[in-house]
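> A predicted structure for the sequence below; I have some questions about it.
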Amino acid sequence: MRSGVRFPSLTGKGLLFLLFVWFLWFMNFTTRTIFSPILPLIEDEFGTTHARASSIFIFISSGYSFSLLCAGIYARFLGYKKSILICLTLIAAVYFTIPFIRVFEMLYLFAFLLGVATGMYLPAMLPLLTRYYDEKIWGRVLAIQESGAPFSIFCAPIIAVFLLLFLSWRGIFVVLGSAALLCVPLFYAVAEETEVRPVKTFFLGGLLRRREFWIITTIWVFAGAANLAIYYIIPLYLTKELLLDVQYANTVFGISRLGGVFVSISAGFLVERFSLKKTAFWLVLLTGIFTMLLVIRDLWWMKILLFLQASISCGFFPVALVTVSKMFPQEERGQAMGFIIFLAAILGIGVIPYLLGLSGDLLSFRFGILMLGILTSLSAGLVFLLKKLH
């Protein structure tokens, strides 16, 4: 066991702290995913188009990506613990301000600030976790922590349905802002700062000239879009094009996300038993196929396909993390991962939701979803160009 490790096992205080960290990651993700189920209400109140409403996600993704690129600066000047405290405080401040916005364009500014705040969290929390816990249990620690994201994707529509029984969409931001603010003193009390080590970087041009970097980035853009871009616009598709009631649509939408919680955890174990290349290929291909099938109008089939599409698409991310670790040496791994996520966030969960909204305005959501499904299916074939992957 390393010296200075606070929790040598996942019992007692070690388990309690990890559960608290899980909740923080769940909250961090929910502050972004909650926009999806209430987007039809925001669109109606401001009288805006599908494309303009969907472009909120471009600004969230831009702020998130900017924050990821600046993660080393935050850590160097603030430390990991202070970075997380500022992240939570800024999320609360943004969420307390949004209910007072009366001009739609102001949502863009606060969406960007929200992205900056949420992007500070993961680069600061991961070093803390790997310092707090013994290396022998890192796999379990990180898998449990990461499960907060798919659980947020599942819960956000259900949270929205419940809170909308008592509050307007603006009130939802007050509730979530209050939850984030309550976490500030709790985290301050239970967390301890750890050593901030300067990160050695390599010349980015060398990374950009590597074929495998662009192959993985392309796959990640489309697979990520099939997961989160679809997630962001499905409520608009269900309510505006299929004419379902908002609360009923969010209930169907929320339940369909349940399978992703289990798939995201189990996918990490699959790559230990089967070929990583074949596992990645089939996950991306099936994600693309089920995305294409979402254009079926029959509501009964829609419920089944939403569940299958959401479940399979969540399996890509743990497999992708292993793929990057296999394809890049240790000294390049961190920067490669950061820049891949940066491009995937900008394009896959920023620009593509806007394009899907634009498709809803000019043609139909079904056309945009179909095109995304086709491109995602085609991108699966790029896996076989990764010669070093087995």
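Happy to help now that I have it.
> In contact with Cys87: list those residues for me.
Contacts for Cys87 were tallied using C-beta atoms under 8 Å, 6 or more residues apart in numbering; they are 28, 117-118, 120-121, 124. Yep, even glycine has a C-beta here, placed from its N, CA and C like the rest.
> Neighbour-wise, give me the winner out of those residues.
Among the contacts of Cys87, Met120 has the most neighbours (other C-beta atoms under 10 Å), with 27 neighbours.
> how far away is the closest residue in space to that residue that isn't next to it in sequence from Arg210?
Spatially, and ignoring its direct neighbours in sequence, Met120 is nearest to Cys87 (4.1 Å; C-beta to C-beta, 6 or more residues apart in numbering). Cys87 sits 32 Å away from Arg210, going by C-beta to C-beta, to the nearest Å.
> before we move on, which element is Phe222 in?
helix 211-224 (DSSP states H and E).
> pLDDT of the very next helix or strand once past that helix, averaged?
Heading C-terminal from helix 211-224, the first helix or strand you meet, by DSSP H and E, is helix 230-236. Regarding helix 230-236, the rounded mean pLDDT is 84.
> residues of helix 230-236 that come out buried?
The neighbour-count criterion (16 or more other C-beta atoms under 10 Å) identifies 230-236 as the buried residues of helix 230-236.
> do stretch 364-375 as well
So stretch 364-375, judged by 16+ other C-beta under 10 Å, has buried residues 365-366, 368-373, 375.
> Looking at those, spot the one nearest Ile289.
Gly373 (7.0 Å; C-beta to C-beta).
> Leu242 is in contact with Pro40, correct?
No. Judged on C-beta atoms under 8 Å, Pro40 makes no contact with Leu242 at a distance of 11.7 Å.
> So these two - more neighbours on which side?
Taking other C-beta under 10 Å, Pro40 and Leu242 do not tie; Pro40 has more neighbours (22 against 13).
> any idea how far Phe317 is from the closest residue to that one other than its chain neighbours?
In space, and not counting its chain neighbours, Pro40 is closest to Thr239: 4.5 Å by C-beta to C-beta, 6+ apart. As defined by C-beta to C-beta, Thr239 lies at a distance of 28 Å from Phe317.
> what do you get for Ile233?
Ile233 is 19 Å from Phe317, by C-beta to C-beta.
> if we can go back for a sec, can you give me the mean pLDDT across the strand or helix carrying the residue nearest to Met120?
Using DSSP H and E, Cys87 sits in helix 80-97. On average, the pLDDT along helix 80-97 is 92.
> Which positions in it come out as buried?
80-88, 90-96.
> circling back to that earlier point, the residue nearest to Pro40 contacts Ala249, doesn't it?
Yes. Using C-beta under 8 Å, Thr239 is in contact with Ala249, at 5.1 Å.
> what's the overlap in contacts for these two?
Contacts common to Thr239 and Ala249, judged by C-beta under 8 Å, 6+ apart, are Pro40.
> Please name the residues that touch Phe253.
Contacts of Phe253 by C-beta under 8 Å, 6+ apart are 37, 157, 234-235, 238, 306.
> What of Phe66?
Contacts of Phe66 (C-beta under 8 Å, 6+ apart): 115-116, 119.
> can you confirm it is in a strand?
No. Counting by DSSP: H, G, I helix; E, B strand; the rest coil, Phe66 falls outside a strand, being helix.
> Would you quantify the distance from the residue nearest to Met120 to Phe384?
Taking C-beta to C-beta, one finds Cys87 at 39 Å from Phe384.
> how deep is Gly381 tucked in, by neighbour count?
Neighbourhood size, Gly381 [other C-beta under 10 Å]: 12.
> what do you get for Val184?
Using other C-beta under 10 Å, Val184 is surrounded by 17 other residues.
> quick one, what contacts it?
Val184 makes contacts with 85, 88-89, 92, as judged by C-beta under 8 Å, 6+ apart.
> Over to Trp214?
For Trp214, the contact set (C-beta under 8 Å, 6+ apart) comprises Leu208.
> ok so, going back, which among the buried residues of stretch 364-375 gets closest to Val324?
Nearest to Val324 among these is Leu375, at 21.2 Å by C-beta to C-beta.
> That closest one: helix or strand, and which one exactly?
Going by DSSP H and E, Leu375 is in helix 365-380.
> What are the contacting residues of that helix?
Contact with helix 365-380 is made by 50, 218-219, 221-223, 225-226, 229-230, 233, 236-237, 240-241, 280-282, 284-285, 287-295, 352, 355-356, 358-360, as judged by C-beta under 8 Å, 6+ apart.
> if we can go back for a sec, list residues touching both of Pro40 and Leu242?
Residues touching both Pro40 and Leu242 (C-beta under 8 Å, 6+ apart): Ala249.
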